[in-house]
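>>> Build me a model:
(chains A and B)
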Amino acid sequence: MASITFREVEGSSLKYWMLFGGIGLFVLFGFLSYLYMHHHGHVVTGMDNQIVWGLPHVFAVFLIVAASGALNVASIASVFNKPMYKPLAPLSAILALALMLGGLLVLVLDLGRSDRLIVAMTHFNFKSMFTWNVFLYSGFFALVGIYLWTMLDRNVKAYSKAAGTAAFIWRLTLTTGTGSLFGFLVARELYGTSMLAPMFIIMSFAYGLAIYLMVLVAAYAWTGRPLGDAVMMRLKSLLAVFVAAVLYFVVVYHLTNLYFAKMGSVESFILRDGGIITTLFWVGQIVIGCAAPLVILLSSLGRQRSWIMIASALVILGGIAQMYVTIIGAQAYPLDMFPGMTMKSSFYDGVIHQYSPTMAELFLGLGGVAIALLATTFAVKVLRLLPANLDDATVAKLEH
Amino acid sequence: MNNMKSMSDDTPSSPERRRFISVATVTAAGVTLAPGVMLIDVAHGRPEEQAASNAVRWGMLVDATKCASGCDECVSACSTENGWTPVAESAHPKQAPQWIRKLELQDPLTQAETNLPMMCQHCEEPPCVDVCPTGASFKRADGIVLVNRHTCIGCRYCMMACPYKARSLVHEPLNDTQKPDVPRGIGCVEACTFCVQKVDRGDGTTACVEACTASGHNALVFGDMNDPESEISKRLRELPTKQVRADLNLNLGVRYHGI
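Take a look at the predicted model:
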């Protein structure tokens, strides 16, 4: 097998520092939003006692799910022994770590008492899915960190497969845990199903790979390194499979719900009468997130790099829409305490809850995305994560 | 002294008289102390160092047939007792905490209306306690579900988990309406405590029940559901009652009649 040369990105050009500064600006905005929210309380957000998890959770959960999926490329290389993916693995691992960092920061900074983070680290209730997630997140950092080390340090290279397998199993468990944050909730109609765990796993595959593709292409284009079509064609086909699988899960989930009379009204809310939620479902989640990327990736358009980039961007946007529908949509529909009765109260019982996120929430969420990108941009400068050359000839040698 | 001595010396003490005095003393002591002892037993007031006991299960009966439309005495009493701002006075009504609220239900087919107060149902199997990552959400041995103000991190997972929308997050800095025995705080989640401060004082009732009784509606009864002789137990034996979302099998501390 031919060897691959990994090289740091030089990162001394004006373009690099402008990119770094631009992303850094969003990190700063995110931090200022946090300070603003922390100082005044959640009263300055669009969240209330009806919509208790808002836009920051949409970003946080999206990033955490995508983090697990970003590790996919590395897993294919070491767990499933596909040599072509080996040179792509280090970037995959660093992206996984960076996205997880961004997601967790948003989650933690949106707490009502983010100053009590130490309490969350020292007091555990092991019946809580949240507690399990605390361990799954920290374990993810540790395992992916070790895995990355085995990729970068020749002395420990022998352990790469073991570390990769452990990280692979861990990340499947982690996303099961993320899906189960919602799956283990009995109160709301759209949650409380084991379907959410595997659905989140397949969503993670799609979101993670879409982000990976965009970062990979951007990194190679901006550094002028050759990136052949062989890699791109393989990854875009994989993305198409993942997106189709997401669509399959979404269809089965809603069809099952529609079959039960008790779910009729909440399903009509999401699919027909929910206003912005319905629009986000059909236009965001289904058309932008699934149908359009599938058409692009499976048609002749998918042979052009720019179209693969568009498809990836659509998968990411559709993914955020899907998270919005999953998290906000389920809360916007009122709790059905007395089935068959209409309800009225001073506490907004029986009415659809409106939610308008404020700029603070938006920038806190974007801050998480920015942290992930900033960490990746910095990592490729200081670590040998990217192969110097990924043209078709180099990649072809790997498979023989 | 001499006089007294001589008096006692001189007085003949018959066995009957002695018996009478001892019986009288015991009776007098009994009459004086018994109500106190009985009261303590009834109300389960307990000293601070004594833990809550699972021999008691505090509960509430809501008779929806007596709950008057438009009356919100229970809500005002709760707000006054526990120091939360009434929603009508709040600048941010959607974000204002409401520990108890009046629900107006209507059957769209028959147009029949039902009124009832809704608050924390003090489940025996509380989903909020299950999901709380830090254990801040907890159930006392006597069935009261509470939030530990010192370990709540404001993650709101309990609010996602509660089937009764019973919990509120404190969204903004609190004003000076706070009560010394009802700790609250910005960024923390809170809900009905069954007036735990009153229960622990030995009042044996809650602010909402007192207000409902005072207004003459008598729709609410509070007491120990484990004590077969308590008023609530007797009424629960007589009246058919339901639990809200009984399908979830959470074994609620609040039972409704007439729903």
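>>> just so I have it, where are all the helices in the stretch 1-150 of chain B?
All helices of the stretch 1-150 of chain B, identified by DSSP state H, counting those that start in this stretch, fall at B:2-10, B:15-43, B:73-82, B:127-131.
>>> who's in contact with A:F338?
By Cβ atoms under 8 Å, 6 or more residues apart in numbering or on different chains, the contact set of A:F338 is B:105, B:244, B:259. The C-beta positions use only the backbone N, C-alpha and C, and glycine is treated the same way.
>>> ok, and of these, which contact chain A?
B:105, B:244, B:259 (Cβ under 8 Å from any Cβ of the partner chain).
>>> and of these, the nearest to A:L105?
The closest of the ones next to chain A among the contacts of A:F338 to A:L105 turns out to be B:V244 (Cβ to Cβ; 38.5 Å).
>>> Report the spatially nearest residue to the closest one, omitting neighbours in sequence.
Excluding the flanking residues, the one nearest B:V244 by Cβ to Cβ, 6 or more residues apart in numbering or on different chains is A:M337, at 5.4 Å.
>>> now swap in B:P183 and tell me
B:R149 (4.7 Å).
>>> what about the one you found, neighbour count?
A count of neighbours around B:R149, defined by other Cβ atoms under 10 Å in any protein chain shown, yields 15.
>>> who's in contact with it?
Here B:R149 is in contact with B:136, B:183-185, B:188 (Cβ under 8 Å, 6+ apart).
>>> And it, how far from A:V119?
12 Å (Cβ to Cβ, to the nearest Å).
>>> Kindly report the same for B:G202.
32 Å.
>>> One more: A:T150?
In terms of Cβ to Cβ, A:T150 sits 35 Å off from A:V119.
>>> and what of A:A96?
28 Å.
>>> who has more neighbours, those two?
A:A96 (31 against 19).
>>> Could you tell me whether the more buried one really is in a helix?
Yes. The assignment for A:A96 (DSSP: H, G, I helix; E, B strand; the rest coil) places it in a helix.
>>> Show me where chain A has its strands.
Assigned by DSSP state E, chain A shows strands spanning A:6-7, A:342-344, A:386-387.
>>> Which among these is found nearest to chain B?
Nearest to chain B among the strands of chain A is strand A:342-344 (4.4 Å), distances taken as Cβ to the nearest Cβ.
>>> and the closest one, which residues are buried?
A:M343 (16 or more other Cβ atoms under 10 Å in any protein chain shown).
>>> now swap in stretch B:207-225 and tell me
B:207-213, B:217, B:219-225.
>>> now check that stretch, is it near chain A?
No. Using Cβ under 8 Å from any Cβ, stretch B:207-225 stays clear of chain A, with a minimum separation of 14.9 Å.
>>> Convert the C-alpha atoms of that stretch to PDB, please.
What follows is stretch B:207-225, C-alpha atoms only, in PDB (Å, rounded to 0.1, in the frame of the first residue of the first chain):
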ATOM      1  CA  ALA B 207     -53.000  27.700  51.100                       C
ATOM      2  CA  CYS B 208     -55.200  26.700  48.200                       C
ATOM      3  CA  VAL B 209     -57.300  24.400  50.300                       C
ATOM      4  CA  GLU B 210     -57.700  27.000  53.000                       C
ATOM      5  CA  ALA B 211     -58.800  29.600  50.500                       C
ATOM      6  CA  CYS B 212     -61.200  27.300  48.800                       C
ATOM      7  CA  THR B 213     -62.800  26.400  52.100                       C
ATOM      8  CA  ALA B 214     -62.900  30.000  53.200                       C
ATOM      9  CA  SER B 215     -64.700  31.000  50.000                       C
ATOM     10  CA  GLY B 216     -67.300  28.400  50.800                       C
ATOM     11  CA  HIS B 217     -66.700  26.200  47.700                       C
ATOM     12  CA  ASN B 218     -65.100  23.300  49.600                       C
ATOM     13  CA  ALA B 219     -63.800  21.800  46.400                       C
ATOM     14  CA  LEU B 220     -60.400  20.900  47.800                       C
ATOM     15  CA  VAL B 221     -59.400  18.500  50.600                       C
ATOM     16  CA  PHE B 222     -55.800  18.000  51.700                       C
ATOM     17  CA  GLY B 223     -54.500  15.300  54.000                       C
ATOM     18  CA  ASP B 224     -52.800  12.000  54.600                       C
ATOM     19  CA  MET B 225     -54.000   9.400  52.100                       C
END
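>>> give the contact list for the closest residue to chain A within the stretch 51-200 of chain B.
Here the residue of the stretch 51-200 of chain B nearest chain A is B:G154; by Cβ to the nearest Cβ that distance is 1.8 Å. By Cβ under 8 Å, 6+ apart, the contact list for B:G154 reads A:111-114, A:116, B:169, B:187-189.
>>> low pLDDT regions in chain A?
Scanning chain A for pLDDT under 70 picks out A:1-2, A:400.
>>> Name the nearest residue to residue 165, ignoring sequence neighbours.
In the absence of a named chain, chain A is used. A:V79 (5.3 Å).
>>> I was after chain B.
According to Cβ to Cβ, 6+ apart, the nearest residue to B:K165 is A:L335 (5.3 Å).
>>> so what's the one you found up against?
A:L335 sits in contact with A:187-188, A:349, B:163-165, where contact means Cβ under 8 Å, 6+ apart.
>>> Tell me the one among the residues you listed nearest to A:K86.
A:R188 (43.5 Å).
>>> pretty sure the closest one is touching A:Q331, no?
Yes. Under the criterion of Cβ atoms under 8 Å, A:R188 makes contact with A:Q331 at 7.2 Å.
>>> joint contacts of the two?
Contacts common to A:R188 and A:Q331, judged by Cβ under 8 Å, 6+ apart, are B:M160.
>>> who's more crowded, these two?
Higher neighbour count among A:R188 and A:Q331: A:Q331, with 23 against 19, using other Cβ under 10 Å.
>>> longest helix of chain A?
helix A:229-259 (DSSP state H).
>>> what's it packed up against?
Using 3 or more Cβ pairs under 8 Å, 6 or more residues apart in numbering or on different chains; DSSP states H and E, the elements in contact with helix A:229-259 are helix A:196-223, helix A:264-268, helix A:292-298, helix A:305-324, helix A:392-398.
>>> Residue of chain A closest to chain B, please.
A:G112 (1.8 Å).
>>> That residue: how many residues sit nearby?
Quick note: A:G112 (other Cβ under 10 Å) scores 25 neighbours.
>>> Leaving out the residues flanking it, which one is nearest to it?
B:G154 (1.8 Å).
>>> how far does stretch A:228-247 sit from the chain's center?
17 Å (Cα atoms, centre = their mean, to the nearest Å).
>>> ah, wrong one, I meant stretch B:72-85
Counting by Cα atoms, centre = their mean, stretch B:72-85 comes out at 14 Å from the chain centroid.
>>> neighbouring contacts of it?
A:346, B:86, B:96-102, B:117, B:119, B:175, B:177-179, B:182, B:184, B:190, B:192-193, B:195, B:198, B:206-212, B:214-215, B:217, B:220.
>>> so of the residues you listed, which ones are in strands?
Short answer: these in strands (DSSP E) are B:100-102, B:117, B:119, B:190, B:220.
>>> Dump the contacts of A:F338 to JSON lines, plus pLDDT and neighbour count.
As requested, the contacts of A:F338 are exported to JSON lines (pLDDT from 0 to 100; neighbours: other Cβ atoms under 10 Å in any protein chain shown):
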{"residue": "B:L105", "pLDDT": "97", "neighbour count": "22"}
{"residue": "B:V244", "pLDDT": "97", "neighbour count": "21"}
{"residue": "B:I259", "pLDDT": "90", "neighbour count": "18"}
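>>> what about B:A68, how many neighbours?
14.
>>> again with the one 5 residues further on
Counted with other Cβ under 10 Å, residues neighbouring B:E73 total 22.
>>> before we move on, what about the one 5 residues further on?
A count of neighbours around B:C78, defined by other Cβ under 10 Å, yields 26.
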